[in-house]
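>>> Predicted model, plus sequence, below.
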Amino acid sequence: MKLRVGVLQLDIALGDEKKNRENIERWMSQTYVPSDVPTAIVVPELWNTGYALERATELADTEGKRTAAFLGNLAKKYGVWFVGGSVLVSTEEGHTNRAQAINPQGELVAWYDKVHLFRLMDEDKYLLSGKKDCLFDLEGIKAGCVICYDIRFCEWLRTYALRGTEVLFVSAEWPSSRVDHWKTLLRARAIENQMYVVACNRCGTTGNTHFAGGSMVIGPKGEILFEGSEGEEAGFVTLNLKAVSEIRKFITVFNDRVPEIYDTQTK
């Protein structure tokens, strides 16, 4: 089983969904090459608005319907999946940072509300945290997605691996000031969970914050298959899913766990 992944590492115009949509359309038009291999495209965290959280009431997409329809039309046009690429969403309970998984028929098949809210970006003041993981079938592949700060919580991503995730998608707005953490954590999550990690970060500058770019595709042994620069770019990589089962059979991490003594260490 093979899967081609495409990372669209883009700048984000703060609070300007129209401009951000046009940018995604332009990059798909300029960089996408058809393939017989199923393809999943990832875009950055909060691609529709950026961190304009104080304007959430004005800008948020109701239940993510508008943004899902936009990505759904692109998915049908190019015959691809869109996975991750979170958006600012309004629900009856409040606002969330929501990643969406959309199939080539343009259907929203799964969504994920960011569980670990990042206080340094005031997410805890404006957003509700998610309460569940996001696992779904992607052309027969066990896939999952999380958002940015979630990658710092190894326990959370281990739950994905324990439920069989083979490819984990990550969307982020990770700053340049901690880019070494970004790269180290992504490789660690791939190695310890023996799965592919496909991570798309934004680039550019908003206010005083410069975002790192440096999107990555990492194999289940920690090998770097793609690493973006600091600017806008697209990267495409074909994954061989056999590599996941092979490394899990060779280094039997999951069989060798001793969970009965972990409880007091994870609470």
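Okay, I see it. Numbering: from 1, shown residues only.

>>> How far does the lengthiest strand in the chain sit from its chain's centre?
Using DSSP state E to define each element, the chain has its longest strand at strand 81-90. Distance, stretch centre to chain centre, for strand 81-90: 9 Å (Cα atoms, centre = their mean, to the nearest Å).

>>> In CSV, could you pull the C-alpha coordinates for it?
C-alpha atoms of strand 81-90 as CSV (Å, rounded to 0.1, in the frame of the first residue of the first chain):
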residue,chain,number,x,y,z
TRP,A,81,-7.8,14.0,0.1
PHE,A,82,-7.3,17.1,2.3
VAL,A,83,-6.3,16.1,5.9
GLY,A,84,-5.6,18.5,8.7
GLY,A,85,-5.3,22.1,7.9
SER,A,86,-7.4,23.3,10.8
VAL,A,87,-9.9,26.2,10.7
LEU,A,88,-11.5,28.5,13.3
VAL,A,89,-15.0,27.1,13.8
SER,A,90,-18.0,28.3,15.8
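
>>> Secondary structure element holding Gln100?
Per DSSP states H and E, Gln100 falls inside strand 95-102.

>>> Adjacent strands (with direction) for that strand?
For strand 95-102, the paired strands and their directions (DSSP bridges) are strand 81-90 (antiparallel), strand 108-113 (antiparallel).

>>> Single out the most deeply packed of those strands.
With neighbours taken as mean count of other Cβ atoms under 10 Å, those reach their highest mean count in strand 81-90, at a mean of 27. To be clear about C-beta, it is placed using only N, CA and C from the backbone, and glycine gets the same treatment.

>>> tell me the mean pLDDT over that one?
Throughout strand 81-90, pLDDT has a mean value of 94.

>>> and if you look at stretch 33-52?
For stretch 33-52, mean pLDDT is 97.

>>> Compute the first-to-last residue distance for that stretch.
Terminal residues of stretch 33-52 are spaced 33 Å apart (Cα to Cα, to the nearest Å).

>>> Go through that stretch and flag the buried ones.
When burial is assessed from 16 or more other Cβ atoms under 10 Å, stretch 33-52 yields the following buried residues: 38-52.

>>> mind checking how far stretch 156-168 is from the chain centre?
Chain-centre distance of stretch 156-168: 14 Å, with Cα atoms, centre = their mean.

>>> ok, now which ones touch Ile24?
Listed by Cβ atoms under 8 Å, 6 or more residues apart in numbering, the contact set of Ile24 reads 8, 10, 43, 47, 74.

>>> out of those residues, which are inside helices?
Among the contacts of Ile24, DSSP state H puts Leu74 in helices.

>>> tell me which of the contacts of Ile24 is nearest to Phe136?
The shortest gap between Phe136 and any of the contacts of Ile24 belongs to Val43, at 17.3 Å (Cβ to Cβ).

>>> Could you list the low-pLDDT ranges of the stretch 51-200 of the chain?
For the stretch 51-200 of the chain, no stretch has pLDDT under 70.

>>> that older thread, can I get the CA coordinates of the strand holding Gln100 in CSV?
What follows is strand 95-102, C-alpha atoms only, in CSV (Å, rounded to 0.1, in the frame of the first residue of the first chain):
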residue,chain,number,x,y,z
HIS,A,95,-15.3,28.3,19.2
THR,A,96,-12.8,25.6,18.4
ASN,A,97,-9.6,25.0,16.4
ARG,A,98,-10.8,22.2,14.1
ALA,A,99,-8.9,20.0,11.6
GLN,A,100,-10.9,18.4,8.9
ALA,A,101,-10.4,15.2,6.8
ILE,A,102,-12.1,15.4,3.4
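
>>> Now distance to Lys132 too, for the contacts of Ile24, in CSV please.
Shown next, in CSV, are the contacts of Ile24 (distance: Cβ to Cβ, whole Å):
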residue, distance to Lys132
Leu8, 26
Leu10, 28
Val43, 22
Trp47, 22
Leu74, 26
